[in-house]
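>>> With the sequence up front, the predicted model follows.
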Amino acid sequence: MLEVKSYKEAAYEEIKDKIINGEYEPGRSLNERTLSEEFGISRTPVREALMQLSYEGWIINEPYKPNVVRNFDLETIIQAQRVRASLELLAIDESFNKFTDKDIKSLEEIVEETGTSKTHNEFIFSDRKFHEYFYNKSENKFLQSTMRNLNDIIRFFGLVAIDNPGRTRETIEEHNSIIENIKNRNKNKALDAMRFHMDQTQKSICKRYKRKK
């Protein structure tokens, strides 16, 4: 049985995590009774969790039809990545002058950690630590809040992107390029490196998406 603050919250987090990790694939029907039996809870919190996931766009919930995991179309993916790219560049812009040698060392350690990841989930976790460092360093509360709201969708698309052969290695190289330009105190090149990283990430996501079609 799931044990957290509430059964609804437990069901919500468990279902969403399985969607993001690909265990519940797009188009899969999510049955209230089956899920309640799987989680060892009543159907009411499961129903409430599915409703919340529907509001957030993770599943499609229509009257007299089963709940179905949403299949994100390519245009939605591109739109989300454009928003993320703008935020990442803003994070670089607002944090750049605040970076110390100690901060640069911390970023290098995160990249090393990323390189030793044994699973896709571990890689994405380290990848988010790298990007979140810039948001935290920016000290822009609104920017940080906006990114937190996008974290789940970014994690979902990130797992899609790194499923392409060689993308993990490329990501590490792109992160190192960003760090190198910060170390050299070249803001414009650091922004260019982040822009390139975001462009390559979007291309990788689109490539994987088309390959699965």
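Great, that's in hand. Because the structure is a prediction, the values reported are computed rather than measured.

>>> in this protein, which spans are helices?
Along the chain, counting by DSSP state H, helices occupy 7-20, 32-39, 43-55, 74-95, 101-115, 120-138, 141-161, 167-183, 187-212.

>>> For the nearest residue to residue 29 once chain neighbours are set aside, grab phi and psi.
The shortest distance from residue 29 to any non-neighbouring residue, by Cβ to Cβ, 6 or more residues apart in numbering, is to residue 66 (4.3 Å). C-betas here are computed from N, CA, C, even on glycine. Main-chain torsions, residue 66, degrees, to the nearest 10: phi -70, psi 150.

>>> Show the contacting residues for residue 66.
29, 30, 31 (Cβ atoms under 8 Å, 6 or more residues apart in numbering).

>>> Show the buried residues in these.
Buried subset of those (neighbour count, 16 or more other Cβ atoms under 10 Å): residue 30.

>>> Could you check the pLDDT of the spatially most central residue of the chain?
Centre of the chain computed as the mean C-alpha position; nearest residue by Cα atoms, centre = their mean is residue 155, 1.8 Å away. With respect to pLDDT, residue 155 has a value of 78.

>>> on that earlier part again, would TSV of the helices of the chain with distance to residue 61 be doable?
Shown next, in TSV, are these (distance: least, Cβ to Cβ, whole Å):
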stretch	distance to residue 61
helix 7-20	12
helix 32-39	11
helix 43-55	4
helix 74-95	17
helix 101-115	36
helix 120-138	27
helix 141-161	18
helix 167-183	33
helix 187-212	24
